[in-house]
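S.K.: For reference, the sequence and a predicted model appear below.
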Amino acid sequence: MFDIVYQQGRKRRSRHSFKGDRCVIGSARHNDLVIKHRHIAKKHAAVYTQNNQLHIEDLGSITGTWVNRERVINYGPITEDDEVVIGDVSIKFDLSKLVSNDPVSVNYNPDLEIRSATLDSAKERDSVVREQSDQDKAILYWTKNVHDQLISEMDLRRKDVHSMSDGQLRIEAEALLDQILNRIKSDLPSDLDVTKLRKDVLNEAVGLGPLEMFLEDETISEIMVNNHREIFVERSGKLVNSGETFSGDQAVLSVIERIITPLGRRIDESSPMVDARLKDGSRVNAIIPPLAIKGPSITIRKFAKERLEFNDIVKFGSISQEMVDFLKVCVEQRKNIIVSGGTGSGKTTLLNVLSNFIPKSERIITVEDAAELKLNQPNLVSLEARPANLEGRGAISIRELVKNTLRMRPDRIVVGECRGGEALDMLQAMNTGHDGSLTTAHANTPRDALSRLEVMVLMAGMDLPVTAIREQVASAVHIIVQQTRYSCGSRKISKITEVTGIEGNTIQLQDIFEFKQYGVDEQGKIQGEFKATGFIPSFYEELKTIGVPVDLSIFSNNMEQYG
């Protein structure tokens with residue numbers, strides 16, 4: 001509990017008592033202490049108790065919080081002699097009511113001397129960390145402050161940022177930013193890294209903020225923004241906290257808008273989720289409050305800048321050469337293939353690589369929720385689903401696009417991912433002369449993939465008996481490639497399975513290749529071998545009969561070790 005005595009301009013002094021341990025001061029009506037003035041931000045500063053002492057923190061205001069005529073970010077402990085100035089308001093604190101929640105004994109205890117010495121030693125060890133933390137806080141504070149001023153300046157000058165190219169916007173922002181930094185030079189701490197401050201503000205204003213460095217880092221495959229304070233990345237298959245932050249929720253929202261606006265997509269309270277992509281094809285998912293409780297969240301799945309080929313994933317230990325040779329024959333002989341796997345297992349990447357085997361003479365049509373596939377065939381049409389507009393109309397689903405592809409004279413249909421009723425239309429296409437089609441599905445095993453297909457067909461709303469669905473699946477799907485992401489972060493093709501038909505009411509499967517794990521090494525990396533089961537696919541015998549050269553030796557029980 002503490003009292004605030006404040007005077008605004010020449011008005012009479014006022015006193016406010018606070019029973020809690022935190023008081024937020026600002027011009028917005030939801031604050032604990034509301035003071036209206038053009039130099040006071042909506043959320044300007046917070047006064048809080050810590051260890052029975054009073055502290056004050058500036059919340060990123062443009063005009064700043066001043067204690068004894070010095071601008072502060074975080075100041076404390078406050079004494080009754082300290083004078084705090086916010087806008088045109090002078091504040092003093094009455095600490096007579098400040099009560100400790102942690103009573104302290106005044107009796108002498110010799111053990112406290114030992115404990116105190118230990119604590120002093122720990123403080124010395126942590127001094128560098130604290131200093132670094134203070135610098136980070138200062139950078140974060142001034143980034144938000146300068147960023148707000150930059151946006152305000154651009155609004156005042158009525159800059160139409162939407163009509164500018166990225167280059168023009170960056171040049172304009174750099175010029176205004178330099179003016180702002182020159183103007184507030186005297187307010188900046190002497191030890192503040194102004195170069196880093198300038199870079200952070202520019203990235204946040206016209207780029208993707210702290211995400212820019214992660215997008216450039218080729219060792220990072222995924223970026224996860226939990227909220228403006230937490231950014232995690234997947235580096236070499238492992239999730240780590242990046243240590244970077246945004247200046248606030250509004251900065252995260254601005255980044256989301258910057259990503260989705262050029263794609264004609266939107267995100268707001270009525271439509272708080274969106275799928276999108278970056279210019280390099282990286283997949284983006286964003287979700288905002290009220291669905292995201294901790295604040296706006298972004299997930300970015302990066303794709304390699306250089307197009308991967310099977311030679312690359314053989315080197316990575318994700319597949320054996322015999323498996324590559326088999327998949328090449330499957331694609332060239334127009335077998336319908338489903339790539340199955342869990343989230344982040346590399347299904348889309350594998351689909352891209354498989355497409356390399358499609359002859360350049362064939363016409364390919366891809367259908368995706370958000371375009372991610374990068375096929376390099378000359379006769380290619382890429383289709384992308386469309387969400388509903390503000391009125392809730394105009395949505396075009398993947399299912400409608402799959403239906404439409406049948407009127408576009410495709411040789412191959414590639415669906416980025418089957419998630420619902422489009423599975424029925426995909427099976428229909430596979431069964432009506434569009435052999436060689438490719439798609440992905442979320443499943444843990446080839447058997448689970450077939451079960452999911454059945455469920456997705458039922459999601460189409462057709463009252464079909466399970467027997468009819470299974471017959472459709474058994475005749476349409478030829479090969480299932482199971483992709484697995486292991487605990488060490490490595491991704492491998494764990495099984496290649498042929499659908500051999502249906503007996504009774506059960507679809508028959510036969511594994512052709514599989515990955516056998518036998519342990520982990522000292523670094524925790526999966527150890528195992530790719531192994532042929534010895535089963536020869538039924539269509540190989542047919543190919544041999546009609547004179548197509550095939551190598552049956554790849555199905556012998558050979559073993560290749562991969563770390």
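M.R.: Nice, thanks for sending it over.

S.K.: going forward, measure contacts and count neighbours with C-alpha atoms only.
M.R.: Will do.

S.K.: wait, is Asp524 part of a strand?
M.R.: That one is not Asp; residue 524 is Gly. No: the assignment for Gly524, made by DSSP: H, G, I helix; E, B strand; the rest coil, is coil rather than a strand.

S.K.: Grab the longest strand from the protein for me.
M.R.: Longest strand in the chain by number of residues (criterion: DSSP state E): strand 506-520.

S.K.: Just list what it packs against, helices and strands only.
M.R.: helix 466-476, strand 491-503, strand 526-532 (3 or more CA pairs under 8 Å, 6 or more residues apart in numbering; DSSP states H and E).

S.K.: average pLDDT across the second one?
M.R.: What that stands for is strand 491-503. Averaging pLDDT along strand 491-503 gives 91.

S.K.: What of stretch 72-87?
M.R.: The average pLDDT for stretch 72-87 rounds to 86.

S.K.: ends of it, how far apart?
M.R.: Across stretch 72-87, the terminal residues are separated by 14 Å (CA to CA, to the nearest Å).

S.K.: Tell me which residues are up against that stretch.
M.R.: Around stretch 72-87, the neighbours that count as contacts under CA atoms under 8 Å, 6 or more residues apart in numbering are 37-40, 53-59, 63-69, 90-95, 138, 141.

S.K.: Select from these every entry located in helices.
M.R.: If you go by DSSP state H, the contacts of stretch 72-87 have Ala138, Tyr141 in helices.

S.K.: and the contacts of stretch 72-87, which are buried?
M.R.: For the contacts of stretch 72-87, a neighbour count by 16 or more other CA atoms under 10 Å gives the buried set as 39-40, 54-59, 63-67, 90-95, 138, 141.

S.K.: partner residues bridging the residue nearest the centre of the chain?
M.R.: With distances taken as CA atoms, centre = their mean, the residue of the chain nearest its centroid is Thr299 (1.2 Å). According to DSSP bridges, the partner residues bridging Thr299 are Met224, Asn285.

S.K.: I'd say it and Ile231 touch.
M.R.: No: in this structure, Thr299 is not within contact of Ile231 by CA atoms under 8 Å, at 9.8 Å.

S.K.: For this structure, which segments count as helices?
M.R.: For the chain, the helices defined by DSSP H occupy 110-156, 166-183, 194-206, 211-216, 249-260, 310-315, 321-332, 347-354, 398-405, 422-430, 446-458, 466-476, 538-545.

S.K.: Tell me how far stretch 75-93 lies from the chain's centre.
M.R.: 42 Å (CA atoms, centre = their mean, to the nearest Å).

S.K.: Do me a favour and get the end-to-end distance for that stretch?
M.R.: Chord length of stretch 75-93, first to last residue, is 14 Å (CA to CA).

S.K.: hang on, the earlier thing: put together a markdown table for the helices of the chain, with mean pLDDT and distance to Ser361 on each row.
M.R.: Putting those into a markdown table (pLDDT from 0 to 100; distance: least, CA to CA, whole Å) gives the following:
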| stretch | mean pLDDT | distance to Ser361 |
| --- | --- | --- |
| helix 110-156 | 58 | 52 |
| helix 166-183 | 78 | 38 |
| helix 194-206 | 78 | 42 |
| helix 211-216 | 86 | 35 |
| helix 249-260 | 86 | 35 |
| helix 310-315 | 84 | 21 |
| helix 321-332 | 90 | 12 |
| helix 347-354 | 87 | 16 |
| helix 398-405 | 88 | 18 |
| helix 422-430 | 86 | 20 |
| helix 446-458 | 91 | 30 |
| helix 466-476 | 90 | 23 |
| helix 538-545 | 81 | 21 |
